[in-house]
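Trainee: Sequence first, then the predicted structure, then my questions.
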Amino acid sequence: MVKQRKQFKTIALFSSKINKSTLKITSQIEEVLQNIGVKVLLSNSYTSNGSRKKTLFSDRYIINKADLVIAIGGDGTLLSSARVFGSKNLPILGVNLGNIGFLTDINPVNLTSSLLDIVTGKYTMDERFFLKSLINKKDENNIALNEIVIHSGAVAQLIEYELFIDEDFVYRQKADGLIVSSPTGSTAYSMSAGGPIIHPSLDSVNIVPMSPQSLNTRSLVIDSRKTIKIRLLSKKTKAKLSLDSHNILPLRYHDEISISQANSKLQLIHPEGHSFYDACRNKLNWSSEIKED
């Protein structure tokens, strides 16, 4: 992590789920920021609540004018803001209204003090890479921050596929699907499927089979600069490709999916003193004490 000292002058607020809690926190953030002279832009994601009579701004306007985006919600909200704004080099800060929230650091209890520190340059920032996917070599800007998943699309239905890494054949496998995860996503779906937790500073990608037919198949961690190719072999497949559980695309027999590291990086803002291991202890209920014999 590299400590940054840039001060933010124009900040956009974004949420993918508008409810009373979101609106309450949004109003609090607006008040805090405006009182210290920061210009606040509300994303047009707030149009789902008709009672707000404030100027809303388009994604393009925010990308051109804002210095920072504050994502208000859970990790799903931050993932949405990362795809729209973070991939365009806008730093993202998460305010956690969700349950686990590995990516959203700010607790509403400490909201005012945390915001004042961050706006005046007291924060740290780390970079997270995106994954991109091509289906049959067609580039359609399909990116994900957490993971790209190929799954059968049906309960108790296996799909068969071949896995290649930089043209080297790895294995032919039948499974419910395959998860290709970044380190950022290693605490999400990949972890639920039995994959390892990977520190976000590592340039690696985690490949996790979902309920494989072969009990000998394990997750595989590789260099993020490698290209992963999956070739579907199931003739009657109704498989799908999912990007951060958001963009879901249909797949067909003999489709070739290529997954690699995207060129864009997410600049994720944290309060000073943020620790990945603290987050793991708090979110995953790891032991918080060293007990002596």
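Mentor: That came in fine, so what should we check first?
Trainee: Residue 26: which element?
Mentor: helix 20-35 (DSSP states H and E).
Trainee: Mind giving me the packing neighbours of that helix?
Mentor: On a contact count with 3 or more C-beta pairs under 8 Å, 6 or more residues apart in numbering; DSSP states H and E, helix 20-35 meets strand 10-14, strand 39-43, strand 68-73, helix 111-119. Every C-beta, even on glycine, is put in place using the N, C-alpha and C of the backbone.
Trainee: Dump that helix to PDB, restricted to CA.
Mentor: Presented in PDB, the C-alpha positions along helix 20-35 are these (Å, rounded to 0.1, in the frame of the first residue of the first chain):
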ATOM      1  CA  LYS A  20     -34.200   4.800   3.800                       C
ATOM      2  CA  SER A  21     -30.800   3.800   5.200                       C
ATOM      3  CA  THR A  22     -29.000   4.700   2.000                       C
ATOM      4  CA  LEU A  23     -30.800   8.100   1.800                       C
ATOM      5  CA  LYS A  24     -30.000   8.900   5.400                       C
ATOM      6  CA  ILE A  25     -26.300   8.200   5.000                       C
ATOM      7  CA  THR A  26     -26.200  10.100   1.700                       C
ATOM      8  CA  SER A  27     -27.700  13.200   3.400                       C
ATOM      9  CA  GLN A  28     -25.200  12.900   6.200                       C
ATOM     10  CA  ILE A  29     -22.300  12.600   3.700                       C
ATOM     11  CA  GLU A  30     -23.600  15.600   1.700                       C
ATOM     12  CA  GLU A  31     -23.800  17.800   4.800                       C
ATOM     13  CA  VAL A  32     -20.300  16.800   6.000                       C
ATOM     14  CA  LEU A  33     -18.700  17.400   2.600                       C
ATOM     15  CA  GLN A  34     -20.500  20.700   1.800                       C
ATOM     16  CA  ASN A  35     -19.600  22.100   5.200                       C
END
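Trainee: Show me the shaky parts of this protein.
Mentor: Where the chain drops to pLDDT under 70, the residues are 1-5, 48-53, 98-99, 154-156, 288-293.
Trainee: please redo it, this time with the cut-off set to 80
Mentor: For the chain, the stretches flagged by pLDDT under 80 are 1-6, 48-53, 98-101, 139-141, 153-156, 215-216, 236-237, 287-293.
Trainee: Can you pull the domain assignment for it?
Mentor: In the domain annotation for the chain, the residue ranges read 2-122+272-284, 130-263 (automatic domain parsing).
Trainee: Could you export those domains as CSV, including mean neighbour count?
Mentor: Formatted as CSV, those follow (neighbours: other C-beta atoms under 10 Å):
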stretch, mean neighbour count
domain 2-122+272-284, 18
domain 130-263, 18
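Trainee: longest strand in this protein, by residue count?
Mentor: Taking DSSP state E as the criterion, the chain has its longest strand at strand 256-271.
Trainee: so how far is the helix holding residue 26 from its chain's centroid?
Mentor: 24 Å (C-alpha atoms, centre = their mean, to the nearest Å).
Trainee: so what's residue 148 up against?
Mentor: 131, 133, 179-180, 241-243, 259 (C-beta atoms under 8 Å, 6 or more residues apart in numbering).
Trainee: I'd like the secondary structure assignment at it, please.
Mentor: Secondary structure, DSSP: H, G, I helix; E, B strand; the rest coil: residue 148 is strand.
Trainee: again, but for residue 142
Mentor: Residue 142 - assigned by three-state DSSP - is strand.
Trainee: So it is in contact with residue 249, correct?
Mentor: Yes. Taking C-beta atoms under 8 Å as the definition, residue 142 is a contact partner of residue 249 at 7.2 Å.
Trainee: Next, show the common contact partners of those two.
Mentor: 135, 241, 243.
Trainee: just checking, the first one touches residue 255?
Mentor: Yes. In terms of C-beta under 8 Å, residue 135 counts as a neighbour of residue 255; the distance is 5.9 Å.
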